[in-house]
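[1] Could you look at this predicted model? Sequence included:
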Amino acid sequence: MNKLFYPESVVIFGVSESPSNKGRTVLQNLARFGFKGNVYCIGRRQGEVEGRRILTHLENVDRPPDVAVLLVPVETIVETLEACGRKGIPYAVIETAGFSEFKRDREALERKIRQVATKWNISFMGPNCVGIINMENGLALPFYPLEEQEMTTGRISFISQSGALLHDMLALCDEEKLGLNKLVSIGNKLMLNENHFVESLIADVSTGVIGMYLESITDGRHLMELASSSEKPIIVLKANRSESSQQIAQFHTNSLMGNDQVLDRAIFQSGMHRVENMMQMVDLFKIFHLPILKGPNLLIISRSGGQAVMLVDAAHRSGLTLAPLSLNFLSFMTKRFGPPRVINITNPIDVADIFDVEGWGEIIEKGLEQKQVDGIVLSPHFAWIEESDAAHKLLKHITALCRTHDKPVLVCSPPDYKTHLHSTVYPHLFSDAGAGLAALKTSLAHSYAKLRRTEAPAPTRTAAKPRKRKRIRRILSVNETYILLNGFGIPIADYALVSNFRDGLAAAQIIGYPVAVKIATTGILHKTEKDGVRLNIGNEVGLKCIFDEMNAEEYLIQKMIPGREFFVGAKQDHEFGPVILFGIGGILVELFYDIAIRFIPIDEAIALDMLAETRASAILNGYRGSKPLDKQAVVRCLVSVSKLMTEHPEIVNLDLNPLMVLEKGEGCHVVDAKLEQYVPLEAS
C-alpha cells in the first residue's frame, strides 16, 4: 500500500468555500503538515479555497490522483466512487459516516460500494473514518484541525477503529513527547481492515512499534499469523468486550471461554500485548523506546529510601527480581565513592548521600556491565533548580548507555519532569513507578514471546468461513449428539434412550447396574439444576422409584463410570474461528475456572501442553498417592474434538461435561454432552 501512504497526488471530494467545510479542513491539514504532492478539490460549486480552485468534475483533473478523499453525502458515495474508478484512482478514503453503524438498512448500500470498488479495482478505507496521517511526508487526511507543531516524528504507528481516539492518541503522545510515524483510522473496515495495515506497518522500516484500538477483529487467525511473523511490538486495546448473558448461561463453554478469554489467548500465543486503556498503551510506547528487557533481574537505584522500597514492591508485583551485587561492583562503589558513611551498599542502592549526579551515570554504566543485571530502574528526584544541567547530561548519557549495552534503564521521576524536560531527547520517563515496572514486565514478556516464536509454528488458519445466509441455532438431541461424537471416536459411556419404565428396565439389564437416569428432553441443558439426574441406581427397585418420581418424555439410561471428572469444550469464535478448552469438570467447572485454551486444529503435543497448563494436571499425574489417570485417553479425546470442529464448522458450541477419566490404560468416557449448531433457516 505504498501509494496510499506516499501518494504523489490527492483529490478531495466535498470541498466548498464555507469556513466550516470538512473538506476544506483536510486541505488546511495537508498545507500545515507540508504535503508536497498535488492536491485537487472537487465540489458542487466552483470557487476557491486556500488558494486552490474548486472543480465541479473529476474529468477536469489532468492525471489520475493516487488517493481520493470522499466527504460527500451518503447518497452520492456510489456515483463518486464510480467517477474515481473511471478516472483510474487506485485508493479511496471514505470519511463520510452514516452507514450500517447508523442504520442497519444501509447494509445494501455498503454491498453496492464494495461491488463498485471491486469492479474498478479500488482499495478503500472506511467508511466512517478520518484516513491517514503520515509524519514522513505530511499526508494528513483527518477532517478535524491538526496542529503540526504539536506532533513529533518518531517510530510509533497507530491503527484505530475510532477517529476520535486517534485524535486522543495524538494528544497523549504530544504530552509525553513521543514521536509518531503513521496513524491510520480504519472506521467500519468495509474493505481495508486492520490486517492490511498491520502487514504494511510490519514491513515499514520507519515503524518500530504498532498500537491498535479495535472494536472488532476481522480475521483473528490472520492477525495472529502476522503478529507471530514479526518481532515488532504490537499493542492491542480491544473494546466491545461483553457478551449476551443469555448466550453465556446456556453452555459452560461460553461461560468459561468468552470472546475476551479467546482474545487473551490469541494475544499471548502470537506475541502481542494487551492493554486496558490508552494510558497503558502510551506506557508501552515509552518502554519500547528502550532495549528489550531480556531477563527479570533488576538493579534499583534511588535517591529516596522510601521510593526504593516502593520500587522493590512494584518490581515484585510485576514478577521481577533484584539482581545480586557482585564483589566487582561493590569494590567499584567503594573505590569511587568511598566506604559507606550512612547507608550500606545493597540492591536497591540508595544514593541519597552521593551528591554527584554525574557519578550516578558511572554507577549505571557499571551496573549495566554486570552479567547478572538485565536492566536498571532509576528514581533520581532531581533538584531541578540546582541540578537541571546535570540532569539533562545524565539522561542523555543513559540513552547512550542503553544503546551500548542493549539493556533498558527505566527512569521514574515525579510529574514535574514534564516541565523541566520539555525538550529532552529522553521522552520515556515515568511519573508512576508502578506503571513503569508493569511496562517493564511487558518488555520482558516480549523477549519471551520472541523465544516462543522460534519454538512453535504460527497458528494454522482455518478454512474460509461459509458465505453468510439466513440460519438459526439449534441444540441437538441427546441421540444426535452422541451419534456425531461416536463418529469421531469420542468415547461415550454405554447408554439407551427410553420413554417408559419397561424399556428402561430392559436397557439397564443390558447395560449393567449401576446406572444413571437422566431427563433426555432437548432444551434442558443443566439437568442437575432441574433435578433431572439420578446416579448410582443399583437395582430394579431403585429404577422403579426413579421413574415414579421423574416426569419426562424421554429418559437416558447410562452406565455409571467411576473416575475423576474433567471438562472438554469447543466453540466457534466469530473472530478467531474454532477454539477448544480443557479443565476440571463437573458441576463446579465454572467455580474452579481452571482451563487451558487453544486454537483448532491441535495435535497430541498441543493437547499434552493443555493438560500441563492446568491444575488438573496434578490429578492426572496422581495426586497425593492416588494412581495416575489415563492422560493419553484425554489427549486422544481432545484431538478428536479438534477434528470434529474442523470438519463441522456449523457447530457453535460443544460441552463434554463431565468427561470421566479412569486410571492409566483404562480410557475415558463422556457421560454428558451438549451440542449447538447453525442450521439453514429453511431446514429448521
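    Yep, it's here. This is a predicted model, so every value here is computed, not measured.
[2] alpha carbons only for contacts and neighbour counts from here, please
    Noted.
[3] In terms of residue numbering, what are the domains of the chain?
    Domain ranges of the chain: 1-128, 147-289, 291-455, 494-559, 564-683, per automatic domain parsing.
[4] low-confidence ranges in the stretch 351-500 of the chain?
    Along the stretch 351-500 of the chain, the parts satisfying pLDDT under 70 run over 383-385, 416-427, 453-469.
[5] Quick one: the helices in it, in order.
    For the stretch 351-500 of the chain, helices defined by DSSP state H, counting those that start in this stretch occupy the ranges 357-369, 384-405, 417-420, 433-455, 478-487.
[6] With mean neighbour count and distance to A616 added, can I get these in CSV?
    Output for those, formatted as CSV (neighbours: other C-alpha atoms under 10 Å; distance: least, C-alpha to C-alpha, whole Å):
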stretch, mean neighbour count, distance to A616
helix 357-369, 18, 42
helix 384-405, 15, 43
helix 417-420, 15, 50
helix 433-455, 20, 24
helix 478-487, 15, 24
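[7] would JSON lines of those with distance to E666 be doable?
    Formatted as JSON lines, those follow (distance: least, C-alpha to C-alpha, whole Å):
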{"stretch": "helix 357-369", "distance to E666": "56"}
{"stretch": "helix 384-405", "distance to E666": "56"}
{"stretch": "helix 417-420", "distance to E666": "67"}
{"stretch": "helix 433-455", "distance to E666": "33"}
{"stretch": "helix 478-487", "distance to E666": "18"}
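[8] To N240, which of those helices lies closest?
    helix 433-455 (23.4 Å; C-alpha to C-alpha).
[9] Run through who's touching the closest one.
    With C-alpha atoms under 8 Å, 6 or more residues apart in numbering as the test, helix 433-455 has contacts from 228-229, 231, 233, 268, 270-273, 280, 283-284, 287-288, 292-296, 310-311, 314-315, 318-320, 410, 412, 430.
[10] So among these, which ones count as buried?
    The neighbour count (16 or more other C-alpha atoms under 10 Å) marks 228-229, 231, 233, 268, 270-273, 280, 283-284, 287-288, 292-296, 311, 314-315, 318, 320, 410, 412, 430 as buried among those.
[11] Pass me the low-pLDDT residue ranges in the stretch 51-200 of the chain, would you?
    The stretch 51-200 of the chain contains residues with pLDDT under 70 at 101-103.
[12] And the helices in it, which stretches?
    Counting by DSSP H, counting those that start in this stretch, the helices of the stretch 51-200 of the chain are 77-87, 107-120, 163-175, 194-203.
[13] okay, which residue is most central for this protein?
    Geometric centre of the chain, nearest residue: I267, 4.4 Å, by C-alpha atoms, centre = their mean.
[14] how much space is there between it and K238?
    11 Å (C-alpha to C-alpha, to the nearest Å).
[15] Tell me the residue in the chain that is farthest from the middle.
    What lies farthest from the middle of the chain is V541; by C-alpha atoms, centre = their mean that is 56.6 Å.
[16] Next up, the contacts around it.
    Neighbour list for V541: empty [criterion: C-alpha under 8 Å, 6+ apart].
[17] Just the pLDDT for it.
    Looking at V541, its pLDDT stands at 95.
[18] Would you mind giving the secondary structure of it?
    Following DSSP: H, G, I helix; E, B strand; the rest coil, V541 is assigned to helix.
[19] what's the answer for P340, then?
    Quick answer, by three-state DSSP: P340 is coil.
[20] Report how many residues lie close to the residue lying closest to it once chain neighbours are set aside.
    Excluding the flanking residues, the one nearest P340 by C-alpha to C-alpha, 6 or more residues apart in numbering is T334, at 7.4 Å. The tally of other residues near T334 (other C-alpha atoms under 10 Å) stands at 12.
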